[in-house]
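J.: I would like the atomic coordinates for the input below:
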Amino acid sequence: MSNKIIVLWAHPRSASTAFERIMHERGDLRVLHEPFNHLYYFHEGRAEAVACGDPREGPKSYEEVKSHIIDASEDKPVFFKDMCYHCHDHIINDDEFLKRLTNIFLIRDPIKSIPSHFNINPNAVLDEMGYEKEFNIFHKVASLTGTFPMVIDTRDLIANPHGIVKRYCDLVGLPFMESALNWEAGYKPEWDVWKGWHKSVSSSSGIQEIKSTYNEDVLNNATQKQYYDYHLPFYNQLLSHANPERS
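T.: Numbering: from 1, shown residues only. I've put the predicted structure just below:
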């Protein structure tokens, strides 16, 4: 009998890997790092993969990745985080798999995430900002389950990691482990291919605000402004469903 499969759906530069790091620290979950990213970048070639190493051998199709996730849950509950745009066109029509998952959504204000994204990948395409596809999957899950899934805004996670993570644990049926909120700095082996994207979390020891400034942002870069204007409505819609625990 397969165990629970929990997924944190996010968009790039949303502190999703820091949340994943908390799940690593628990020790009671099999943690998979963005299992669909190779599908999007290396096997379907939807966009250019940057700040990364050579791809690993592994599943090459949507069905193979899905089977890998399900197989991983045979002996232990699974947590994985991923970007909705990595597998959107497949999973949006896979009602059975979406209902099999416990779906949680993480968002961050695009005025912060988009400049951070462009700082690493100045040639990023509109789709890679991620908000539209995350919005689509959110509403698909809501329509399948009859209830809106949990939405976490990164600001609330940073302001109150204890409260937000406890609420998440209560919702997905995991015991809350306060000790998992802190860790030893360093890279996890599964981040090796994408090391260029995980410098901040690898040097951290807990959830924290990363204050960064960039020469270009949504105020002075036309492409960033275009992407911001396009994705802001999707962020605002998702934000309207965030209900942070501030206790």
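J.: where exactly do the helices run in this structure?
T.: 16-26, 37-38, 62-72, 84-91, 95-100, 110-120, 131-145, 154-159, 161-172, 199-202, 222-239 (DSSP state H).
J.: residue at max distance from the center of this protein?
T.: residue 220 (27.3 Å; Cα atoms, centre = their mean).
J.: returning to that earlier point: mean pLDDT for the helices of the chain: which is lowest?
T.: Of all these, mean pLDDT reaches its minimum on helix 199-202 (a mean of 58).
J.: picking that back up, so which of the helices of the chain is nearest residue 212?
T.: Nearest of these to residue 212, taken as Cβ to Cβ: helix 110-120 at 6.5 Å. Bear in mind the C-beta positions are built from the backbone N, C-alpha and C, glycine included.
J.: check the offset of that closest one from the chain's centre.
T.: 15 Å (Cα atoms, centre = their mean, to the nearest Å).
J.: gap between residue 146 and residue 105?
T.: According to Cβ to Cβ, to the nearest Å, residue 146 and residue 105 sit 17 Å apart.
J.: between those two, who's got more neighbours?
T.: Neighbour count, other Cβ atoms under 10 Å: between residue 146 and residue 105, residue 105 has more, with 25 against 6.
J.: these two touch, right, the more buried one and residue 235?
T.: No - in this structure, residue 105 is not within contact of residue 235 by Cβ atoms under 8 Å, at 11.2 Å.
J.: pLDDT score for residue 244?
T.: pLDDT, read off for residue 244, is 55.
J.: ditto for residue 188
T.: Reported pLDDT for residue 188: 59.
J.: use 76 as the first number for this chain going forward.
T.: Sounds good: first residue 76 from here, last item residue 263.
J.: identify the residues contacting the nearest residue to residue 305 once chain neighbours are set aside.
T.: Distance criterion Cβ to Cβ, 6 or more residues apart in numbering; nearest residue to residue 305, sequence neighbours excluded, is residue 201 at 6.3 Å. Applying Cβ atoms under 8 Å, 6 or more residues apart in numbering to residue 201 gives the contacts 301-302, 305.
J.: likewise residue 224?
T.: 178-180, 213, 216-217.
J.: could you do residue 180 as well?
T.: Residue 180 neighbours (Cβ under 8 Å, 6+ apart): 83-85, 209, 212-213, 224-227, 313.
J.: at 7 Å instead, please
T.: Contact analysis of residue 180 by Cβ atoms under 7 Å, 6 or more residues apart in numbering lists 84, 209, 213, 224-226, 313.
J.: of these, select the buried ones using a PyMOL command.
T.: PyMOL command restricting the contacts of residue 180 to the buried ones, with burial defined by 16 or more other Cβ atoms under 10 Å:
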select buried, resi 84+209+213+224+225+226+313
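J.: just give me the closest of the contacts of residue 180 to residue 147.
T.: Proximity of these to residue 147, judged by Cβ to Cβ, is greatest for residue 84, which lies at 17.7 Å.
J.: run through the bridge partners of the closest residue in space to residue 216 that isn't next to it in sequence.
T.: Excluding the flanking residues, the one nearest residue 216 by Cβ to Cβ, 6+ apart is residue 178, at 4.7 Å. With DSSP bridges as the criterion, residue 178 is bridged to residue 82.
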